[in-house]
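Novice: let's see this in three dimensions:
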Amino acid sequence: MRICVYCASSEHCARVYHDAAAALGRTLAQAGCTIVYGGGATGLMGALANAALQAGGEVIGIIPRFMIDVEWQHPGLANLQVVEDMRERKHRLLTGSDAVVALPGGSGTLEELFEALTLKRLALYFNPIVLLDTQDFYTPLQRFLEHTIDERFMNREHLKMWSLVKRVEDVLPAIRNAPAWDRDARSYAAVR
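Specialist: Predicted coordinates for the structure are as follows:
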């Protein structure tokens with residue numbers, strides 16, 4: 001299984017976020033999953049990749065050229081793919097993935113997550129999307145997305161586009177137990 005992981009490069013967030021990223025990297029590697037992520041060496045990105053590599057896992061990094069120019073890439077990756085820009089990076093991260101896991105992060109992580117959700121809503125991506133809610137990070141987002149449904153910007157069916165889990169050990173079960181996304185989801189992409 002190839003898991004796309006969206007995560008931050010911040011070294012300054014609380015250690016609990018780094019610890020959860022490392023635990024996820026180990027867990028996915030031990031389960032035989034291939035991790036594809038943004039290719040960075042610091043923050044949650046580094047913690048995820050380092051732990052997965054130490055556990056013998058396969059880790060693929062996809063990084064834009066300008067980040068190589070400032071040496072943000074992870075030096076220990078056997079498979080580091082350099083792309084021209086952020087758009088191509090996002091496309092390559094998601095293409096071929098069997099699931100998405102979003103760890104806490106800033107605007108880049110959230111942008112990647114929202115693109116995956118939008119593509120799923122439009123029936124262009126069908127696989128599970130899991131939010132790892134470390135320290136209740138995604139709880140306000142969950143409430144906000146429910147609010148968008150209450151305010152009739154999305155349909156009630158759209159709540160099935162993602163799962164929210166509190167613990168790393170719940171990520172793989174959430175992926176395995178995610179409801180199949182309807183191939184006809186485009187028919188209810190617009191609010192009814």
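
Novice: mind checking how far stretch 82-98 is from the chain centre?
Specialist: How far stretch 82-98 lies from its chain's middle: 12 Å, per Cα atoms, centre = their mean, to the nearest Å.

Novice: may I see the buried residues of that stretch?
Specialist: For stretch 82-98, burial by neighbour count (16 or more other Cβ atoms under 10 Å) applies to 83, 89-90, 92-94, 97. (C-beta placed from N, C-alpha, C; glycine too.)

Novice: among the residues you listed, name the ones in strands.
Specialist: Under the assignment DSSP state E, those contribute Val83 to strands.

Novice: which of the buried residues of stretch 82-98 fall in helices?
Specialist: Applying DSSP state H to these, the entries found in helices are 89-90, 92-94.

Novice: backbone dihedrals for the closest residue to Trp162 other than its chain neighbours, please?
Specialist: Distances taken as Cβ to Cβ, 6 or more residues apart in numbering put Ile129 closest to Trp162, at 4.3 Å, once the chain neighbours are dropped. Main-chain torsions, Ile129, degrees, to the nearest 10: phi -130, psi 120.

Novice: follow-up on the earlier one: and the furthest pair within the ones in helices among the buried residues of stretch 82-98?
Specialist: Farthest-apart pair in those is Arg89 and Leu94; separation 9.8 Å (Cβ to Cβ).

Novice: which outside residues touch the lowest-mean-pLDDT helix or strand in the chain?
Specialist: Least confident helix or strand of the chain, by mean pLDDT, DSSP states H and E, is helix 65-69 with a mean of 89. The list of residues contacting helix 65-69 from outside it, by Cβ atoms under 8 Å, 6 or more residues apart in numbering, reads 39-40, 73, 82-85.

Novice: thank you, goodbye.
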